[in-house]
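Colleague: generate a structure from the sequence data that follows.
(one chain, ligands or ions: 1)
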Amino acid sequence: MSNKPKLTTAAGAPVADNQDVMTAGPRGPMLLEDVWFLEKLAHFDREVIPERRMHAKGSGAFGELVITHDISQYTKAKVFAEVGKKTPMFARFSTVAGERGAADAERDIRGAALKFYTEQGNWDLVGNNTPVFFFRDPLKFPDLNHAVKRDPRTNMRSPNNNWDFWTSLPEALHQVTYIMGDRGIPDGYRHMHLFGSHTYSFISADNQRFWVKFHFKTQQGIKNLTDQQAAAIVADDRESSQRDLYEAIEKGDFPRWTLYVQIMPETEAADYRFHPFDLTKVWSKKDYPLIEVGYIELNRNPDNYFQDVEQAAFTPANVVPGISFSPDRMLQGRLFSYGDAQRYRLGVNHHQIPVNAPRCPFHSYHRDGAMRVDGNHGSRLHYEPNTYGEWQEQPDFREPPMALEGVAGRHDFRADDDDYFTQPGTLFRLMPADAQQRLFDNTARAIKGAERHILTRHISHCYKADPAYGEGVAKALGIPMSDVEL
Ligand code: HEM
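Modeller: Residues are numbered from 1 along each chain as shown. Predicted coordinates for the structure are as follows:
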């Protein structure tokens, strides 16, 4: 007999028989008083929780951030306070459009959500493997989701919906060029760069504000799959990225990424040649070079996938003193959406789940709510202001005020900035000829099935980025350029 703990009900009573339900005689119907059966099935019936609306399929691991260079003149964040400083972290990588059971090796953006358990609270950087995004206004996010997910009638993914939407937004071309290029199918999560993507802000000890972008470069080297290689992998293994990450960590081959920042002094934003808060654009590294900061290493697989990965809750709203937001509309929109989604997906007290809980002392005075299990602050008084010194705010951490101007209204981003094609053109010209050819062919395969006016609209946008880009896609699609309205 094993000396392992014996099976009990959730209430702790011994389970005497886990093989046979209780029946009236050997051939008779079941009895309602088989409470173990009722409990077991009722729990099973509720095992599935809602999947993430985007990024449903993912893999996670624990690790640490190690600081190797001093950037404390830009930020007072304790996480960057000194060279050699180590901060524990959790990372979750994901594909975007597929559901929880989707295959890993699909052409798609990869999510890269990082949670740093700093001594002043959790800092979440919820980014992607590309430095830009499809558009610049968060009001369009649910439309993106609907366009790339299943069609309401056919219940199939629809190239027509997908490309009708993308090509209706000329600013999407930069992101689309990344996805249709070689980096559209990374060979596992270890072999891709990670980006914070948005412009964030750093606040220094003397209360200066700097704009900042975060870059993590893979130390494993970039490795991608062609459409053909990916198809062969998916035919054999739908969890190729999960397997690659899990097995590397199990055998002690811990993946690392070098962290860099680009820093822009606050006042330079107004005159920078690219809109600094436009998520469809990058900052030139010539203008704002990469500054090395440290590295992240992932070195521990979670013991239980559901507990730590499925229940992980990341939100760009989680910042700490010295790191903050920017006027980027997309970032502002995300500040609401993640916590809101998680209150639905996991519940209002999801902060108590160990992977989400801060590892520093914390003292938030939210009370009650479903599944509150941490003592709920016992009898401590529950209002503020009070005359007993409870729940004091911390004015030392106030951010410097930010000068804003202009009239409130629904300002059209396109009227402010309609340069959609300069940066996709630059990205295209950076690709060697064979990579350009794969971009044409990948695009043709992905857009196939969309109506002709959508194909020609995309060709026209590509042409505006670079005539060779437009001509290459047109040729791959067998469409004469004379059919394309430029
Ligand atoms: C997941 C909303 C743009 C990266 C999610 C989720 C929502 C969401 C609701 C599911 C959250 C959950 O259930 O825990 C939005 C909205 C956006 C936006 C409204 C724009 C207005 C972006 C951008 C990036 C990004 C620009 C990257 C730069 C991610 C990642 C995840 C995610 C990595 C998965 C997080 C995880 O692993 O748990 N997004 N998103 N999203 N989003 Fe976004």
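Colleague: show me what from the stretch 251-400 of the chain comes close to the ligand.
Modeller: Selection of the stretch 251-400 of the chain residues close to the ligand by Cβ under 6 Å from any ligand atom yields 312-314, 330, 333-334, 337-338, 341-342, 345. Using the backbone N, CA and C atoms, a C-beta is placed for each residue, glycine as well.
Colleague: can you say which of those are buried?
Modeller: Buried subset of these (neighbour count, 16 or more other Cβ atoms under 10 Å): 312-314, 330, 334, 337-338, 341-342, 345.
Colleague: which stretches in the chain count as strands?
Modeller: Using DSSP state E, the strands assigned to the chain run over residues 58-67, 86-95, 110-118, 121-128, 194-195, 200-203, 209-218, 256-265, 291-300, 323-324.
Colleague: quick check: mean pLDDT of the second one?
Modeller: Averaged over strand 86-95, pLDDT sits at 98.
Colleague: parallel or antiparallel, which strands does it pair with?
Modeller: As defined by DSSP bridges, the strand partners of strand 86-95 come to strand 58-67 (antiparallel), strand 110-118 (antiparallel).
Colleague: just name the most buried of those strands.
Modeller: Compared across the strands paired with strand 86-95, strand 110-118 shows the largest average neighbour count, a mean of 24 (mean count of other Cβ atoms under 10 Å).
Colleague: quick one on the thing from earlier: want to throw the strands paired with strand 86-95 into a markdown table with mean pLDDT?
Modeller: Formatted as a markdown table, the strands paired with strand 86-95 follow (pLDDT from 0 to 100):
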| stretch | mean pLDDT |
| --- | --- |
| strand 58-67 | 98 |
| strand 110-118 | 98 |
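Colleague: which among those strands is found nearest to Pro361?
Modeller: With Cβ to Cβ, the closest approach to Pro361 among the strands paired with strand 86-95 belongs to strand 110-118: 12.2 Å.
Colleague: what about the closest one and the ligand, touching?
Modeller: Yes - judged by Cβ under 6 Å from any ligand atom, strand 110-118 comes into contact with the ligand through 111-113.
Colleague: of those residues, closest to the ligand?
Modeller: In terms of Cβ to the nearest ligand atom, no member of these lies closer to the ligand than Gly111, at 2.7 Å.
Colleague: for stretch 189-207, buried residues please.
Modeller: When neighbours are counted by 16+ other Cβ under 10 Å, the buried residues of stretch 189-207 are found to be 189-204.
Colleague: got the end-to-end distance for that stretch?
Modeller: One end of stretch 189-207 to the other measures 37 Å (Cα to Cα, to the nearest Å).
Colleague: hmm, back to that, now, among the buried residues of stretch 189-207, which is nearest to Thr95?
Modeller: Closest approach to Thr95 among the buried residues of stretch 189-207 (Cβ to Cβ): Tyr189, at 9.9 Å.
Colleague: and the contacts of stretch 366-378?
Modeller: By Cβ atoms under 8 Å, 6 or more residues apart in numbering, the residues outside stretch 366-378 that reach it are 347-349, 352, 365, 382.
Colleague: all helices for this structure, in order.
Modeller: In the chain, the segments counted as helices under DSSP state H are 35-45, 141-148, 159-168, 173-180, 227-236, 240-250, 305, 329-345, 413-416, 422-430, 433-447, 452-465, 467-477.
Colleague: the ligand contacts on the stretch 1-150 of the chain?
Modeller: The stretch 1-150 of the chain has residues 52-55, 58, 92, 94, 111-113, 126-128, 133, 138, 141 near the ligand, with proximity defined as Cβ under 6 Å from any ligand atom.
Colleague: doesn't Ala172 make contact with Phe421?
Modeller: No - between Phe421 and Ala172 there is no contact under Cβ atoms under 8 Å: 11.4 Å.
Colleague: those two: which has the busier surroundings?
Modeller: Neighbour comparison, Phe421 and Ala172: the larger count goes to Ala172, with 26 against 20 (by other Cβ atoms under 10 Å).
Colleague: number of residues surrounding the nearest residue to the more buried one once chain neighbours are set aside?
Modeller: Counting by Cβ to Cβ, 6 or more residues apart in numbering, Ala172 lies nearest to Phe134, which is 4.2 Å off, once chain neighbours are set aside. Neighbours of Phe134 under the rule other Cβ under 10 Å: 25.
Colleague: picking up where we left off before, the ligand: which of the contacts of stretch 366-378 is nearest?
Modeller: Gly347 (11.9 Å).
Colleague: for the closest one, give its distance to Phe37.
Modeller: 27 Å (Cβ to Cβ, to the nearest Å).
Colleague: next one: Glu99
Modeller: Distance from Glu99 to Phe37, by Cβ to Cβ: 31 Å.
Colleague: between the two, which one's more packed in?
Modeller: The neighbour count for Glu99 versus Phe37, taken as other Cβ under 10 Å, is higher for Phe37 (16 against 12).
Colleague: with adjacent residues omitted, what lies nearest to that one?
Modeller: Using Cβ to Cβ, 6+ apart and skipping the chain neighbours, the partner closest in space to Phe37 is Val21 (5.1 Å).
Colleague: that neighbour contacts Pro29, doesn't it?
Modeller: No - Val21 lies out of contact with Pro29 (Cβ under 8 Å); the separation is 9.8 Å.
Colleague: mind putting the strands of the chain in a markdown table, distance to His43 included?
Modeller: Converted to a markdown table, these look like this (distance: least, Cβ to Cβ, whole Å):
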| stretch | distance to His43 |
| --- | --- |
| strand 58-67 | 24 |
| strand 86-95 | 26 |
| strand 110-118 | 29 |
| strand 121-128 | 30 |
| strand 194-195 | 37 |
| strand 200-203 | 42 |
| strand 209-218 | 40 |
| strand 256-265 | 39 |
| strand 291-300 | 29 |
| strand 323-324 | 41 |
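Colleague: ok so, going back, what's near enough to touch the residue nearest to Phe37?
Modeller: By Cβ under 8 Å, 6+ apart, the contact set of Val21 is 30, 34, 37.
Colleague: bridged to the first one, which residues?
Modeller: Spelled out, that is Met30. Beta-bridge partners recorded for Met30 (DSSP bridges): Thr23.
Colleague: one more: Ser59?
Modeller: Beta bridges link Ser59 to Phe93, judged by DSSP bridges.
Colleague: just to check, it is in contact with Leu245?
Modeller: Yes - if you go by Cβ under 8 Å, Ser59 and Leu245 touch, sitting 5.1 Å apart.
Colleague: any residues in contact with both of these two?
Modeller: Common contact partners of Ser59 and Leu245 (Cβ under 8 Å, 6+ apart): 93, 189.
Colleague: low-confidence ranges in the chain?
Modeller: Scanning the chain for pLDDT under 70 picks out nothing.
Colleague: sorry, back to before: just the residues of the stretch 251-400 of the chain next to the ligand now: which is nearest His458?
Modeller: The nearest member of those to His458, counting by Cβ to Cβ, is Met330 at 22.8 Å.
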